[in-house]
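**Q** any chance you could fold what I've pasted below:
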Amino acid sequence: MLDSPLDGRQLTNIGTFRAYIEAYLHNHKDIHQKGLDFLVRQLEPGPTGVPIEVYAFTKTTEWAKYEQIQADIFDHLLASIGVFDLRVFQEPTGMDFAAAFRGQRE
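**A** From the prediction side, this is the model:
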């Protein structure tokens, strides 16, 4: 029995998303499952959020196929991140500021 609820492992949305990424990649047909390193981890939080690092190997070394597999994986992860009540951070650009100021003048 724990003395405090904080003494045990805490379930967070980012931890759940990290576990989802691991499960997703462990079931992905194009990712090596044995014999090569496989890692999904949170990096140090910073002013732009908490980065997640994915380290895995594809079954192919053909560059075009590798790039397509990587793009498909990240498309899936970016599309699913909202299910975990998380958001992707993107640095604003000059276009973002111009659009914001245009909206204020109207």
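**Q** let me see the confidence value for Glu62.
**A** pLDDT for Glu62: 96.
**Q** how much space between it and Asp30?
**A** Here Glu62 is placed at a distance of 11 Å from Asp30 (C-beta to C-beta, to the nearest Å). (Glycine included, C-beta is placed from N, CA and C.)
**Q** who has more neighbours, the two?
**A** Comparing Glu62 with Asp30 by neighbour count (other C-beta atoms under 10 Å), the higher total belongs to Asp30, at 17 against 10.
**Q** and the closest residue in space to that one that isn't next to it in sequence, what is it in contact with?
**A** Of all residues not flanking Asp30 in the chain, Ile69 sits nearest, at 4.8 Å (C-beta to C-beta, 6 or more residues apart in numbering). The neighbours of Ile69, taking C-beta atoms under 8 Å, 6 or more residues apart in numbering as the test, are Asp30, Ile31, Thr58, Thr60.
**Q** mind checking which helix or strand Ile69 is in?
**A** With elements taken from DSSP states H and E, the one containing Ile69 is helix 63-80.
**Q** what is the burial count for Arg18?
**A** Residues lying near Arg18 (other C-beta under 10 Å) number 19.
**Q** er, Phe84 I mean
**A** Residues near Phe84, counting by other C-beta under 10 Å: 15.
**Q** that's all I had, so thanks and see you.
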